[in-house]
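> missing the sequence, but the structure's below:
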């Protein structure tokens, strides 16, 4: 079996393969639904209705998509430069911690000043967290996959320590949770009575901004060059290590915004279950989007829809909601195969 | 202070250290085999979850303990086959596929758990492997109980290291595996398929990772619960680097690491809550990062690690 490079695929082909990947995912998960003793048609119908069947469902899906857009962007930016940031989960919590530290009354400022300030500080914390593994990679040749993964565990324990220590809410009845952020630090709701908040708008703006950076600036060009072939990039005079550092700062900062928006927009406080794996799911979002920043928005809404829909379906049909995680993981694998097939032709023999 | 030192001379400390080391030894050997053949297997974390669950479920359903170990190994090998197929002939990113396998294996396990046991609040228990004292040797003070009064799976872990080392360095197969990770064209020139060697290595390695997971549910504990692997797989990846891709050194690393882990638990009790327990729990992960930093400078990693091989290229 051999792989032969294909000429650049047309837009139709480029879009055909992701659709194929989604279809393959649905077929595979149908088998699991059958194994669980339910009908795939009714189950997927329930998932779709739970994700987008009503205004409430749709807004819930967009709410769930918000952190995934941020983590998806973080991963897309990093993977484009072949910086394997698997630590978006930790960077998310770094952003959440900063939001709670600054947002619970330490800074008595009006909203228009306080919120941007918290955002910048949160991004700085997330960026700093990824800078460590990036320096270890460039200076010592330590694989950043393993270090960022290990940092996820360290960070979660650190948050646990804070929540049982200095950040513990005295009124929390012993639960490890922080105080709520003050009203001026909260992101307003977009639709009254629904949970969708302005974090979603910030996420869209971030996606457009990242798209602009990647497509229209020198930095974006350099990041793509480093990701494509670091040796060639170095030969062309691009400061590879410097570009990787900037990539790390951008990526870590974006992931931290997920933590910021979840605390300031949705939950109000910090708990240990703030993120049910948004950092890891961001990898799937980024791959489904083929690392395109605007595609990340669509992919995040799609993945969020699966999760929200599966929750609703699980209550109605009794198929475990873990089917959502299985579908998302399957989609990741079918998608990487699909991307490869758009670029290569498989020759048997 | 003296008490903190005395811990090191108690038999129970070393018994715990070897017990904690056992799953790490299996999984580290598994990862080592994969990487020696040129494939980074980040599916390790998920494959350990699968192994832990498959072995436990088999016994829970009435199977024999050893049959459970075999089922765990087969389940691991199946995920290894998937990983190998995607990364070796198709040449897909080993990073992305590995993370994908971990996500898939973990979620599939949780899904299956909920399908098989829809309404359980506390996880059902099985009768796990019991310690099997070796006559005479287990009576040696301190080290006797630690090394010779463990469950059969621990003895198997140590045997695995010897077998892996022997196969890698003393057999033609081992030579082919090592060459596949160093200089795949040379393997192909001998008429041996790099693809077959690499997929085989990933399958065998994944089977060992799964047995490492199964140790937790069938020997260290007696039930399966979510999050039970808790980063052990990632730590094993660090241990492979720490051991410079050599079975003996990796074994040493795993035992040292486990000793440290057993020590921090006892130190935690000794400090009596004066230091936040999370700091102690962080130590294994911090230690892994430190080990990576120290060892990476002179790491003699397999030259073709993470480089897909295409027949006839170059």
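Here it is on my side, so go on. What you see is a predicted model, and the numbers here were worked out from it, not measured in a lab.
> can you pull out the helices in the stretch 151-300 of chain A?
A:199-216, A:218-228, A:230-235, A:240-261, A:278-288, A:293-317 (DSSP state H, counting those that start in this stretch).
> closest to chain B out of those?
With Cβ to the nearest Cβ as the measure, helix A:278-288 is the member of the helices of the stretch 151-300 of chain A nearest chain B (5.8 Å). Every C-beta, even on glycine, is put in place using the N, C-alpha and C of the backbone.
> burial of residue B:226, as a residue count?
Close neighbours of residue B:226, defined as other Cβ atoms under 10 Å in any protein chain shown, add up to 13.
> and for residue A:116?
Residues near residue A:116, counting by other Cβ under 10 Å: 10.
> any idea how far residue A:258 is from it?
17 Å (Cβ to Cβ, to the nearest Å).
> cool, and residue A:51?
20 Å.
> out of these two, which sits in the busier spot?
Set residue A:51 next to residue A:258 and count neighbours by other Cβ under 10 Å: residue A:258 wins out with 34 against 25.
> low-confidence ranges, chain B, go.
In the predicted model, chain B carries pLDDT under 70 at residues B:1, B:298, B:312-314.
> give me that answer again for 80
Within chain B, the ranges that satisfy pLDDT under 80 run B:1-6, B:9, B:119-121, B:136, B:142-144, B:272-273, B:296-300, B:311-314.
> and chain A, by the same measure?
For chain A, the stretches with pLDDT under 80 are A:1-2, A:4-11, A:13-15, A:18, A:174, A:346-349.
> tell me which residue is most central in it.
Taking Cα atoms, centre = their mean as the criterion, residue A:71 is the residue nearest the geometric centre of chain A, at 2.3 Å.
> report the contact partners of the closest residue to it other than its chain neighbours.
With Cβ to Cβ, 6 or more residues apart in numbering or on different chains as the criterion, residue A:71 has its nearest non-adjacent residue at 2.8 Å, and that residue is residue A:282. Each residue near residue A:282 by Cβ atoms under 8 Å, 6 or more residues apart in numbering or on different chains is listed here: A:68, A:70-72, A:74-75, A:88, A:255, A:258.
> what of residue B:295?
Per Cβ under 8 Å, 6+ apart, neighbours of residue B:295: B:241-242, B:244.
> ok, now residue A:114?
By Cβ under 8 Å, 6+ apart, the residues touching residue A:114 are A:102-103, A:107, A:184-185.
> same check on residue A:97?
So residue A:97 contacts A:125, A:159, A:162, A:167, A:259, A:270 (Cβ under 8 Å, 6+ apart).
> for the third one, give its distance to chain B.
Here the distance between residue A:162 and chain B works out to 9 Å (Cβ to the nearest Cβ, to the nearest Å).
> ignoring the adjacent residues along the chain, who's closest to that residue?
residue A:97 is the one closest to residue A:162 (Cβ to Cβ, 6+ apart), at 6.6 Å.
> what about that neighbour, helix or strand, and which?
helix A:88-103 (DSSP states H and E).
> and if you look at residue B:261?
Using DSSP H and E, the element containing residue B:261 is helix B:247-271.
> got it, and residue B:181?
helix B:172-182.
> interface residues of the stretch 201-314 of chain B facing chain A?
B:230-231, B:234-235, B:237-238, B:241, B:276, B:278-279, B:281-282, B:285-286, B:288-289, B:292-293, B:296-297, B:299, B:310-312 (Cβ under 8 Å from any Cβ of the partner chain).
> circling back to that earlier point, in the helix holding residue B:181, which residues are buried?
Residues B:174-182 are the ones in helix B:172-182 that count as buried (16 or more other Cβ atoms under 10 Å in any protein chain shown).
> save the residues you listed as TSV, and put in distance to residue B:157 too.
Shown next, in TSV, are the buried residues of helix B:172-182 (distance: Cβ to Cβ, whole Å):
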residue	distance to residue B:157
B:174	19
B:175	25
B:176	25
B:177	20
B:178	22
B:179	27
B:180	25
B:181	23
B:182	27
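> got those as a markdown table, with distance to chain A columns?
Formatted as a markdown table, the buried residues of helix B:172-182 follow (distance: Cβ to the nearest Cβ, whole Å):
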| residue | distance to chain A |
| --- | --- |
| B:174 | 25 |
| B:175 | 25 |
| B:176 | 20 |
| B:177 | 21 |
| B:178 | 20 |
| B:179 | 21 |
| B:180 | 17 |
| B:181 | 16 |
| B:182 | 18 |
